[in-house]
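**Student:** my questions are about this predicted structure, shown below with the sequence.
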Amino acid sequence: MSTAHGDVETPAFMPVGTQGAVKAVAHRDLEAIGAEILLCNTYHLYLRPGDELIARRGGLHRFIGWSKPILTDSGGYQVFSLAARRTIDEEGARFQSHLDGSRHLLTPEKAADIQANLGSDVAMVLDECLAHPSDHDTARASMERTLRWAHRARERFLALKSSVVDRQSSVTNHQSPTLTNPGQAQFGIVQGSVFRDLREESAQRTVEIGFEAYAIGGLSVGEPVDTMYDVVERTTPCLPADRPRYLMGTGTPEDLVESIARGIDLFDCVLPTRNARNGQLFTSEGRINIKNARYAEDDRPPDPSCGCYTCRTCSRAYLRHLFASGEINAATLNTLHNLHFYLDTLRRIRESLAFGRFEKFRLSFHQSLSRQLHDP
Ligand SMILES: [Zn+2]
């Protein structure tokens, strides 16, 4: 995947840098473990410190000191998660800030404007995130709205590109955005809940609008894992093979392997970083909870087959002690390991694909995990 800030080898995993930083780790460490692209959250950066402030600093890359690619989400997912603090209508999503209760309106145009100010390499369209489970009629209505919003988002994006947005016509009272990254791309999002017909139709009609690439949204929201794999399998053939296909907000290492087998190129998920802060480590033999008493005198590294800084220098006993003591280093060391495990898994997958050995990799990956530790 080529972006204005360089190339990304795919399939790729994007660590989540919600506030412009991946929690507990420095950019230097992310680069050292081979992170090629970060995901940052539009909702959070819009509310604080504000996209206009970031535009005045020259855009997100310069502001946070990260020179490689950045993808920003549309902010929609966080807004939809506010439940009681938001209402949705055709215009967009009205919500109250979780920080100070201030009222905001996020429209497809506004989401494009905010991301123009941020200057990410990939901007996402605002889509309607549907709760699971939903019936077919509800899912269709939501899919249709997402398509109407996609048209509006694309129109705004193209208008910004050709700099024809009139300050006076701004629908949001928002001053005209600065295009801090003229090379920004915009991805469309396929919706349609768990219904195959809706997913196929959503994919076809989103592709008709014409985006630089496409994402599959609305999965990993509580549906059975086999349903998710099935939706992915049915959707990817409807998306252009020469463009990255991005599965949003997924998932476990097993999900990554199985989704790549079904044609996915790009992932993001908070699992490796959030679970690290809770003391859960992903390893080649399954997950371990470092807080368990059984590790109190365990001198082995978290994952004997991992080459990360944490595994080279720390024992399980030491990591357990740090976690139990509430030492902030615990979050850093655990996060470094988990992200290294994810990025290294993707690296091995890319290698296996290049040599035509992916199926072999897939098999041995699952075999190794099926021998996994039974760690409560
Ligand atoms: Zn490690």
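**Tutor:** That came in fine, so what should we check first? Here the structure is a predicted model, which is why all the values come from computation and not from measurement. Residues are numbered from 1 along each chain as shown.
**Student:** contacts, neighbours, all on C-alpha from now
**Tutor:** OK.
**Student:** shaky segments in the stretch 251-376 of the chain?
**Tutor:** 371-376 (pLDDT under 70).
**Student:** for it, which residues are neighbours of the ion?
**Tutor:** Residues of the stretch 251-376 of the chain lying close to the ion by CA under 5 Å from the ion are 306, 308, 311, 337.
**Student:** hmm, try it at 8 Å
**Tutor:** Applying CA under 8 Å from the ion, we find that the stretch 251-376 of the chain lies next to the ion at 283, 301-312, 336-338, 340-341.
**Student:** who's in contact with the closest residue to the ion within the stretch 151-300 of the chain?
**Tutor:** Minimum separation of the stretch 151-300 of the chain from the ion (CA to the ion) falls at Thr283, amounting to 7.7 Å. Residues in contact with Thr283 (CA atoms under 8 Å, 6 or more residues apart in numbering) are 302-303, 306, 338, 341.
**Student:** for it, grab phi and psi.
**Tutor:** Note on Thr283: backbone dihedrals following degrees, to the nearest 10 are phi -130, psi 170.
**Student:** how much space between it and Ile290?
**Tutor:** 12 Å (CA to CA, to the nearest Å).
**Student:** just say helix, strand or coil for Ile288.
**Tutor:** strand (DSSP: H, G, I helix; E, B strand; the rest coil).
**Student:** distance of the residue nearest to it when sequence neighbours are not counted from Lys291?
**Tutor:** Nearest in space to Ile288, with sequence neighbours left out and distances taken as CA to CA, 6 or more residues apart in numbering, is Leu281 at 5.2 Å. Using CA to CA, Leu281 is found at 10 Å from Lys291.
**Student:** higher neighbour count, those two?
**Tutor:** Between Leu281 and Lys291, counted using other CA atoms under 10 Å, the more crowded position is Leu281 (23 against 19).
**Student:** isn't there a strand covering the more buried one?
**Tutor:** Yes: Leu281 sits within a strand when classified using three-state DSSP.
**Student:** can you name the residues that contact it?
**Tutor:** 272, 275, 287-290, 302, 334, 337-338.
**Student:** just checking, what packs against the helix or strand harbouring Asp113?
**Tutor:** Element membership of Asp113, judged by DSSP states H and E, is helix 108-118. For helix 108-118, the packing partners by 3 or more CA pairs under 8 Å, 6 or more residues apart in numbering; DSSP states H and E come out as helix 42-47, helix 51-56, strand 122-124, helix 136-161.
**Student:** what's the angle from that helix to helix 136-161?
**Tutor:** 50 degrees (axes from the mean of the first three to the mean of the last three CA atoms, to 10 degrees).
**Student:** what is the mean pLDDT for helix 108-118?
**Tutor:** Averaging pLDDT along helix 108-118 yields 98.
**Student:** restrict it to CA atoms and write it as CSV.
**Tutor:** This file holds the C-alpha atoms of helix 108-118, laid out as CSV (Å, rounded to 0.1, in the frame of the first residue of the first chain):
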residue,chain,number,x,y,z
PRO,A,108,-20.1,13.0,6.8
GLU,A,109,-18.7,16.4,5.6
LYS,A,110,-17.5,17.3,9.0
ALA,A,111,-15.7,14.0,9.4
ALA,A,112,-13.9,14.7,6.1
ASP,A,113,-13.0,18.2,7.2
ILE,A,114,-11.6,17.1,10.5
GLN,A,115,-9.5,14.5,8.8
ALA,A,116,-8.3,17.0,6.2
ASN,A,117,-7.1,19.2,9.1
LEU,A,118,-5.4,16.2,10.7
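**Student:** buried residues, that helix. List them.
**Tutor:** 108-118 (16 or more other CA atoms under 10 Å).
**Student:** among the residues you listed, which one sits closest to the ion?
**Tutor:** Closest to the ion, out of all of the buried residues of helix 108-118 and judged by CA to the ion, is Leu118, at 32.9 Å.
**Student:** doesn't Ile54 make contact with the closest one?
**Tutor:** Yes: with contact defined as CA atoms under 8 Å, Leu118 reaches Ile54; the gap is 6.3 Å.
**Student:** please identify the most buried of the helices and strands packed on helix 108-118.
**Tutor:** strand 122-124 (a mean of 26; mean count of other CA atoms under 10 Å).
**Student:** filter the residues of the stretch 251-376 of the chain next to the ion down to the buried ones, PyMOL style.
**Tutor:** Restricted to buried positions by 16+ other CA under 10 Å, the PyMOL selection for these reads:
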select buried, resi 283+301+302+303+306+308+310+311+336+337+338+340+341
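**Student:** the residues of the stretch 251-376 of the chain next to the ion in strands, which ones?
**Tutor:** Thr283 (DSSP state E).
**Student:** turn the helices and strands packed on helix 108-118 into CSV, columns for mean pLDDT.
**Tutor:** Shown next, in CSV, are those (pLDDT from 0 to 100):
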stretch, mean pLDDT
helix 42-47, 97
helix 51-56, 98
strand 122-124, 98
helix 136-161, 97
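**Student:** good, wrapping up.
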